[in-house]
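Enquirer: When you get a sec, could you give me coordinates for this:
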Amino acid sequence: MKKKFVNRFLIVLMPSVFFLLTNCKAQNTSLSLKSKDNLNQISLSLSEDGQLSYKVTRHDKAVILDSPLGLTFENDDFTTGLSVVNVSPIEEKREKYELKVANNKTADHVFKTKSITFKNKQGALMTIDLIAGEEGVAFRYKFDNKANGSKILKNELTGFHIDQKAKGWLQPYNKAGDYTPGYEDFYVNVKSGDPISGARNESIGWCMPALFNVNDAKNWVLIAESGTDGSFPGCHLAPDSKDGMYTIAFAKNDEKFTLPLPDKGNAYPESAEPWTMPWRVIMIGDNAGNILLSTMITDLAPASKIKDVSWIQSGKAAWSWWSHPEDFTPEMYNKFTDVSASFGFRYTLFDAGWEKANKEGKIVDYALSKEVQPLVWGFSAEYFDSEKRKKRFKELAEMGIKGVKIDFWCSDRQEVMAVLQGVFEDAAKEHLLVNLHGTTVPRGWHRTWPNFVTAEAILGTESYFYEPRFPEKAAEQNTVLPFTRNVAGPADYTPFALTFRKYTRLNTSVHELAMAMIYTSGIIHFADSEEVFNSLPNELKDLLKEMPATWDKTEAIVAEPGKSIVLSRKKDNLSYVIGINGTNTALPVSIDLTKYGKGYSKFRIISEGKDPLMDFKVETHPINAKWKYNMAPKGGFIIEFVK
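Expert: Below you'll find the model as predicted:
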């Protein structure tokens, strides 16, 4: 009786078990992954001859069309003849952390993850990690073997196929030269697949991040990378983007400038195994504001390697070079220390030539006596050797210096990526902040090393000295860079430059001031002179004293790359709305200020004065729900909510 019952039970149960097992099998062998909100999906596929490709969708609409994947090594090939050998279960991963430099202080995102292992014709294994979240998707190649020797990667097939109807904002990747590549070119408004044009220098590709408006302009996509370390070079996109297919390209051998780098013929990526390569990141948004606020690059970067970050403080700095580029006297450095002291700035920056001035006038001691923390300039080649670098950082820290601006890297080669990690780590041990100039774009490093507070890699205000097209194009660029370069990491634009230089500024005074509040940078280095600071109305002086260098909460009110941007910014009990116009015509803005000014009774607006290029006007009004304003051509405004 008992035996018959068991047999009958099995007969009844078996179809259900079979159904369950086949469903599990289908799930586990699926080469697709969806975000928890089911909006973003990345799907891999294999052709009959074992070639690997992928596509990305949002709302089941393609944002990245079928695109190739695969790697070619010196002695191994993962481009054809691939087969699936394992698909991991889908897991959830939560990334919750705080950033020292951010639009929003806290990031908190849940991702779905999956790893798929492939075997090539020789039996070698390659794993691709997939990740999908509400802000986009990403993937990376990984090799878990423990083989002797190192692998040399000759080519990465990874592509990003953008529909040819799409338009985007791309920056040319300049060929190696005395000051290139340095990510200091204009972002160009292109149609998918267009050849390189409008570059400042001869160019051999496109930079990442690369921004596209896809899916009949319904979505925005930003292509970037994260987690690059000393096992891989910084990458860009190849120049040939026929039919809208953008492919990964490696740093070039000639990217050496004056760095002590060997001539390799080809600077291929090379590493021992196990080898985990950088994330290829595809951020997706229904509007450009979603891209601006995305933290996906830092979400995918390694967590902070600094346990105690209490000594890392954002702030503002006076800086003498822009207004007095030929004056390296102790008197000039001290004069700008006095500016920092009078405006309550935490820092002062001593640029090139500071060592001689310090011997003559003890400028470091003077800054410390004023309770201003000195930051100093250095040349990249002096920080290449590990032992010399550690010794130098120790010397600087013992002098009372709080940070280093290290200049003229001009290379994305793998050796440089490794040295940068060493710079962040060694500086952290001496409680020194790091600012990179003449450098590659950040790749999530400010999460891993929070003492990395800002970097150039941006066409900033020094271009009024060097680039004749900058005055005409600056306003437009200023409404593109927050959606591109600044998403990758903190940007040292060196804002607020009213004094006319070789190429005369066309942006209004308020536009220039607003730039200090549009970009994120752990240290804001103000560009202009003591005379300009002292000539400002009292309300603007107060604004500069109170203005934060990082934010607790940001909302994108208007987000139109190349046209206009309006942000709501909050820090502690401070609340602002800031806008800039990137066009040559007036732009109307309509905002419900009651939404952003809760708890305040009125607002102070800073706009253009009688001479729009030099003057300011300050007015105070009661908060209303239907505030309307016309932004001047290349103009802007700053609203400060007051009790």
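Enquirer: ok, longest strand in this protein?
Expert: In the chain, with assignment by DSSP state E, the single longest strand is strand 106-119.
Enquirer: Direction included, what does it pair against?
Expert: strand 83-87 (antiparallel), strand 91-98 (antiparallel), strand 125-133 (antiparallel) (DSSP bridges).
Enquirer: In JSON lines, list these along with mean pLDDT and distance to Ala199.
Expert: Where you see a C-beta, it was placed from the backbone N, CA and C, and this is true even at glycine. Output for the strands paired with strand 106-119, formatted as JSON lines (pLDDT from 0 to 100; distance: least, CB to CB, whole Å):
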{"stretch": "strand 83-87", "mean pLDDT": "98", "distance to Ala199": "42"}
{"stretch": "strand 91-98", "mean pLDDT": "98", "distance to Ala199": "36"}
{"stretch": "strand 125-133", "mean pLDDT": "98", "distance to Ala199": "33"}
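Enquirer: and among those, the most buried is which?
Expert: Stretch with highest mean neighbour count among the strands paired with strand 106-119: strand 125-133 (a mean of 22; mean count of other CB atoms under 10 Å).
Enquirer: what's the spacing between that strand and its chain's center?
Expert: In terms of CA atoms, centre = their mean, to the nearest Å, the centre of strand 125-133 is set 22 Å apart from its chain centre.
Enquirer: How about residues contacting it?
Expert: Under the contact criterion CB atoms under 8 Å, 6 or more residues apart in numbering, strand 125-133 has outside partners 33-36, 40-42, 44, 69, 71, 78, 82, 85, 93, 109-120, 137-145, 279, 296, 299-300.
Enquirer: Counting neighbours, which of those end up buried?
Expert: 33-35, 40-42, 44, 69, 71, 78, 82, 109, 111-116, 118-120, 137-143, 279, 296, 299-300 (16 or more other CB atoms under 10 Å).
Enquirer: Which positions in stretch 457-471 come out as buried?
Expert: Buried residues in stretch 457-471, counted by 16+ other CB under 10 Å: 457-464, 467, 470-471.
Enquirer: now stretch 284-301
Expert: Going by neighbour count (16+ other CB under 10 Å), the buried part of stretch 284-301 is 284-285, 288-301.
Enquirer: With pLDDT and secondary structure added, can I get the buried residues of stretch 457-471 in TSV?
Expert: Below are those laid out as TSV (pLDDT from 0 to 100; DSSP: H, G, I helix; E, B strand; the rest coil):
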residue	pLDDT	secondary structure
Ala457	98	coil
Ile458	98	coil
Leu459	98	coil
Gly460	97	coil
Thr461	97	coil
Glu462	97	coil
Ser463	98	helix
Tyr464	98	helix
Glu467	98	coil
Phe470	98	helix
Pro471	98	helix
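Enquirer: chain center to whichever helix or strand Gln421 is part of: distance?
Expert: If you go by DSSP states H and E, Gln421 is part of helix 414-429. From the chain centre to the centre of helix 414-429 is a distance of 18 Å (CA atoms, centre = their mean).
Enquirer: helices and strands around the helix or strand harbouring Phe637, which ones?
Expert: Counting by DSSP H and E, the element that carries Phe637 is strand 636-642. Contacts defined by 3 or more CB pairs under 8 Å, 6 or more residues apart in numbering; DSSP states H and E place strand 636-642 against helix 509-518, strand 574-581, strand 602-608.
Enquirer: and the gap between the most centrally placed residue in the chain and Pro442?
Expert: By CA atoms, centre = their mean, the mean C-alpha position of the chain lies nearest to Ala488, the distance being 1.1 Å. In this view, Ala488 and Pro442 are 5 Å apart by CB to CB, to the nearest Å.
Enquirer: going on from the helix or strand bottoming out on mean pLDDT in the chain, what's the next piece of helix or strand?
Expert: None of the helices or strands of the chain scores lower by mean pLDDT, DSSP states H and E than helix 2-29, at a mean of 38. Following helix 2-29 in sequence order, the next helix or strand is strand 32-34 (DSSP H and E).
Enquirer: Could you report the neighbour count for the residue nearest to Val214 when sequence neighbours are not counted?
Expert: Distance criterion CB to CB, 6 or more residues apart in numbering; nearest residue to Val214, sequence neighbours excluded, is Ala166 at 4.5 Å. As a burial measure, Ala166 scores 22 neighbours (other CB atoms under 10 Å).
Enquirer: is it true that Ala166 touches Phe212?
Expert: Yes - Ala166 is in contact with Phe212 according to CB atoms under 8 Å; the separation is 5.1 Å.
Enquirer: buried residues in stretch 204-222?
Expert: By 16+ other CB under 10 Å, the buried positions in stretch 204-222 come out as 204-215, 219-222.
Enquirer: on that earlier part again, can you get me the centre-to-centre distance for the longest strand of the chain and its chain?
Expert: For strand 106-119, the distance to the chain centre is 21 Å (CA atoms, centre = their mean).
Enquirer: for it, what is the average pLDDT?
Expert: Taken as a whole, strand 106-119 has an average pLDDT of 98.
Enquirer: now swap in stretch 305-323 and tell me
Expert: Stretch 305-323 comes out at a mean pLDDT of 98.
Enquirer: Per-residue pLDDT of the spatially closest residue to Gly444 that is not a sequence neighbour, please?
Expert: Leaving aside its chain neighbours, Gly444 sits nearest to Ala301 (2.9 Å; criterion: CB to CB, 6+ apart). Note for Ala301: predicted pLDDT of 98.
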